[in-house]
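Visitor: Mind folding the following:
(chains A and B)
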Protein chains: 2
Amino acid sequence: MAQKVTPRSEDYSKWYTDVVQMAELADYTPVRGCMVIRPYGYALWENVQSGLDRRFKATGHQNAYFPLFIPMSFFEKEKDHVEGFSPQLAVVTHGGGVELEEPLAVRPTSETMINVMYAKWIRSYRDLPVLINQWANVVRWEMRTRLFLRTTEFLWQEGHTAHATEQEAREETLRMLEVYRDFAENDAAMPVICGRKSESEKFAGGVHSYSIEAMMGNAWALQAGTSHFLGQNFARVFDTQFLNDQNELEYVWQTSWGVSTRMVGGIVMVHGDDQGLILPPRIAPLQVVVVPIWKNDEQRAAVLGAVQQVQAALPDVRLHLDDREDVTPGWKFNDWEMRGVPLRIEIGPRDVKSEQVMLVRRDPVEKRKQPLPLAGLAERVPVLLDEIQRALFDRAMRFREERTAHVTTYAELQEAVKLGFAWAWWCGSRECEDKIKADTKATNRCIPLAQPGGTGRCIVCGEEAVEQSVWARAY
Amino acid sequence: MAQKVTPRSEDYSKWYTDVVQMAELADYTPVRGCMVIRPYGYALWENVQSGLDRRFKATGHQNAYFPLFIPMSFFEKEKDHVEGFSPQLAVVTHGGGVELEEPLAVRPTSETMINVMYAKWIRSYRDLPVLINQWANVVRWEMRTRLFLRTTEFLWQEGHTAHATEQEAREETLRMLEVYRDFAENDAAMPVICGRKSESEKFAGGVHSYSIEAMMGNAWALQAGTSHFLGQNFARVFDTQFLNDQNELEYVWQTSWGVSTRMVGGIVMVHGDDQGLILPPRIAPLQVVVVPIWKNDEQRAAVLGAVQQVQAALPDVRLHLDDREDVTPGWKFNDWEMRGVPLRIEIGPRDVKSEQVMLVRRDPVEKRKQPLPLAGLAERVPVLLDEIQRALFDRAMRFREERTAHVTTYAELQEAVKLGFAWAWWCGSRECEDKIKADTKATNRCIPLAQPGGTGRCIVCGEEAVEQSVWARAY
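Guide: Numbering: from 1, shown residues only, chains lettered A, B, ... in the order given. Okay, the predicted model is just below:
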């Protein structure tokens, strides 16, 4: 009997941890806050990486690699930055058996080191823009951790760009937010809201932060990617200057943007159900699992012959043949459903005779078995995978819409954030934002780029408000 | 005028650093021993990664990710391992603003953490083999560093496998050595000698180490990859056991193997010349650079029309159009030669009229310009790139053969290692090995798998010897 995950309705948090561990996405380690990403989880991350990396390169970015260690003094140069990050630093004090003259922080993010190098490399406007991304591990000391969602060490990409003008940098900030939206919605089948973070939620040291916010299966929000307009804040501190075309020295305008392994946790929580994972075909490590069924050697030979035809028909599909002999077909069905493989193909002796296979979709749209002629596989399976991809997005979008309220009174807001997302006018003051958090535990997720238009009254203080925010409980 | 690199004959070490910095492969940072890998160098590393990763997956391995931090007590469990690595550790003593109860080492390699996790995951022979690789950064504190070749932080892959039998693990060790040879020779055009390391040079904590050894342009050796048979050493210490098919508990048999960013330094040194880098087409970030030439707008339009035909003819080639207007074509020629792009295509107004382009190879085999009809590009360029790949391998092989001596007296050995590699009978004793090193600075690179056969007399002590070693100065 395959292991069963805790039902979501019973304990959502336990359901999440069960799924991540039983599907072998990740595991705890003896190092506080650090996880192991297991092969199945890492293959999912590799697909996230390649989906993002392809988009970064298509928008003109190049990868590079900067040091893991950052001298403590670099952090201290930017006041907001050090205040934001110093409580989270892991610090190396000894190297090669001796105490270091200056302790080294393990990078929590790389803006400071980037600026030291860019200040060296950038001379004139001809060197701009610099469009660099790095894939790396970072460390932020966390007291309460959760596999993928909040870990002391995590993997991410951090883009760091430098531009000659403010406008170019602002455009880049929004371009990369759009790249994240495109990846999240089209590859991860995860509907997101694009918006600006409030002052209290923005990146320490930046001017404006933007994020994509997704609704998880318990109707909480997850910030799944951020893009920051840094202005000239870091450039001024690190003297990152260039000669403009008038031969005058100017500070560069910068952006930074990141998506992390947290995205994997988001994918689990957006799509999974009580049987376990459900993975969107575009990023699923395995898109199709083939389970052969036989009772004797004669059947075995016939069935495996048909399996070969299936494999030959689907050369571009990530297909796995589960020919284990120590577990039953029924056990395998449960196991692969728990692991979220989008499509299962079953082949038994009767199917071989009828020159067909049985198809079973993992997504909840259509769970009964459908027979399909062997000859139709090559054409049908890619179409089915696309249908599943679309069905998962639509289902997540419907789920979000059903749990989103547009509220006009504070009482409505308080109720709405218990159930999901609430859109409400907000005057922009820290005071009103803090009150909502204190009263409801919901935070200001973002001020959506797509506003309803017009003006309204702040949901808290009643002052005139020009923008709505989305409020929700969040990871 | 483009920058000039220091000639190799003048100062080989300076030549190397010039090439790495001027070609923008890497740069120094303010953090001692840590470098930045710049976009052009990182693109080269990405091609090394994909060449290796493809081979790892084809031999059944999966990627995963283990923590950056390893509790100090883990190292102390394996006596040889801690002795070998503790002088090189970077140690985190503070996290989140407080002193840690137990300091954490930044991983120099992951055998200890791997075993802690494998001990948790492996139950029975059905769970074996475990074939896992990780792409990661590691830190080994170094006093004297050199870009790519020896840095405190470096990027690498580390494979870690666990097997039910000794024979399987021994086979895996050699299989991965062969994967490294195949990559080095076929993708990096770098001839290597496969062999076993001597006891004094083996991995701290292993049973046998194997390496691929390449000859650099100054006739020194570089260890470009290693594969270790770990026996049950770590399994015994960490209790990594499994139930065999007789239902008895046994320790697993393990291997580990790694290639690092050091490979990039090796590629620079094997192929480069006084003009700079020469990159083998299979791993070159850019395989072809197109330099258009014009004097007026009319010519410009005609030439750029031909450039589009070139681009359309070579969709699968990594091609870059250098259409900068602030530098001359001659400057571009020098610049791209310094950066080692294998093939240059020049197109000027006269070429457009003749419906041809001019081809210039970067490798020293054939440097004069060859005209080629535009219509022949699609067929000819891939063939030329293959020819260049082969020519670079042949040239490196010839260079190595010319600087390899098979010596029978100690005096010959002393002379031979000044010029390159020396093959000599060796009795296997540490004493004789140390004497050679003390007298000549040459070290025992490896005991080649391909032995001449028979027996001989140790080049130092004259005792009977059953194996020859390769001796050389080394990085």
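Visitor: Give the burial count for residue A:232, as a bare number.
Guide: 17 (other Cβ atoms under 10 Å in any protein chain shown). In short, each C-beta sits where N, CA and C put it, glycine included.
Visitor: and what of residue A:115?
Guide: Neighbours of residue A:115 (other Cβ under 10 Å): 26.
Visitor: which stretches of chain A have low pLDDT?
Guide: Under the criterion pLDDT under 70, the flagged ranges of chain A are A:1-2, A:365-367.
Visitor: Mind naming the longest helix for it?
Guide: helix A:377-402 (DSSP state H).
Visitor: For that one, which helices and strands make contact with it?
Guide: strand A:208-215, helix A:262-271, helix A:297-313, strand A:343-347, strand A:356-361 (3 or more Cβ pairs under 8 Å, 6 or more residues apart in numbering or on different chains; DSSP states H and E).
Visitor: again, 10 Å this time
Guide: strand A:192-196, strand A:208-215, helix A:262-271, strand A:288-292, helix A:297-313, strand A:343-347, strand A:356-361, strand A:370-373 (3 or more Cβ pairs under 10 Å, 6 or more residues apart in numbering or on different chains; DSSP states H and E).
Visitor: Nearest approach to residue B:120 belongs to which of these?
Guide: helix A:262-271 (20.8 Å; Cβ to Cβ).
Visitor: That closest one near chain B at all?
Guide: No. Judged by Cβ under 10 Å from any Cβ of the partner chain, helix A:262-271 stays clear of chain B, getting no closer than 11.2 Å.
Visitor: returning to that earlier point: what comes up buried for the very next helix or strand once past the longest helix of chain A?
Guide: Tracing the chain past helix A:377-402, the next element assigned as helix or strand by DSSP states H and E is strand A:404-406. For strand A:404-406, a neighbour-count test (16 or more other Cβ atoms under 10 Å in any protein chain shown) marks A:404-405 as buried.
Visitor: Please name the nearest non-neighbouring residue to the residue of the stretch 201-350 of chain A found nearest chain B.
Guide: Closest residue of the stretch 201-350 of chain A to chain B, Cβ to the nearest Cβ: residue A:326 (6.6 Å). Counting by Cβ to Cβ, 6 or more residues apart in numbering or on different chains, residue B:126 is the residue found nearest to residue A:326 once chain neighbours are left out, at 6.6 Å.
Visitor: what sits against the one you found?
Guide: A:324, A:326-327, B:164, B:242-243, B:245 (Cβ atoms under 10 Å, 6 or more residues apart in numbering or on different chains).
Visitor: Just send those residues back as TSV, with secondary structure and neighbour count too.
Guide: Listed next are the contacts of residue B:126 as TSV, based on DSSP: H, G, I helix; E, B strand; the rest coil; neighbours: other Cβ atoms under 10 Å in any protein chain shown:
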residue	secondary structure	neighbour count
A:324	coil	12
A:326	coil	7
A:327	coil	13
B:164	coil	20
B:242	strand	23
B:243	strand	15
B:245	coil	9
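Visitor: ok, so of those residues, who is nearest residue A:253?
Guide: residue A:324 (56.9 Å).
Visitor: Spit out the contact partners of the residue nearest to residue A:452 when sequence neighbours are not counted.
Guide: Sequence neighbours aside, residue A:468 is the residue nearest to residue A:452 in space, at 6.2 Å (criterion: Cβ to Cβ, 6+ apart). By Cβ under 10 Å, 6+ apart, the residues touching residue A:468 are A:195, A:406-407, A:422-426, A:447-448, A:450-456, A:459.
Visitor: Could you tell me how far residue A:468 is located from residue A:453?
Guide: 10 Å (Cβ to Cβ, to the nearest Å).
Visitor: got it, and residue A:424?
Guide: Taking Cβ to Cβ, one finds residue A:424 at 15 Å from residue A:453.
Visitor: which SS class is residue A:105?
Guide: Classification of residue A:105 using DSSP: H, G, I helix; E, B strand; the rest coil returns strand.
Visitor: Tell me how many other residues crowd it.
Guide: 24.
Visitor: my read: it touches residue A:90, true?
Guide: Yes. Contact criterion Cβ atoms under 10 Å: residue A:105 and residue A:90 qualify, at 7.1 Å.
Visitor: Pull up the overlap in contacts between the two.
Guide: What both residue A:105 and residue A:90 touch, as defined by Cβ under 10 Å, 6+ apart, is the set A:139, B:92, B:94.
Visitor: Present the helices and strands packed on helix A:377-402 as a markdown table; the columns should include distance to residue B:233.
Guide: Output for the helices and strands packed on helix A:377-402, formatted as a markdown table (distance: least, Cβ to Cβ, whole Å):
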| stretch | distance to residue B:233 |
| --- | --- |
| strand A:192-196 | 49 |
| strand A:208-215 | 46 |
| helix A:262-271 | 34 |
| strand A:288-292 | 38 |
| helix A:297-313 | 40 |
| strand A:343-347 | 42 |
| strand A:356-361 | 46 |
| strand A:370-373 | 52 |
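Visitor: now the ones you listed in a markdown table, with mean neighbour count?
Guide: Shown next, in a markdown table, are the helices and strands packed on helix A:377-402 (neighbours: other Cβ atoms under 10 Å in any protein chain shown):
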| stretch | mean neighbour count |
| --- | --- |
| strand A:192-196 | 23 |
| strand A:208-215 | 25 |
| helix A:262-271 | 26 |
| strand A:288-292 | 24 |
| helix A:297-313 | 15 |
| strand A:343-347 | 22 |
| strand A:356-361 | 20 |
| strand A:370-373 | 13 |
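Visitor: Out of those, the one nearest residue B:236 is which?
Guide: So among these, helix A:262-271 is nearest, using Cβ to Cβ, at 34.8 Å.
Visitor: Right, I'll call it a day here.
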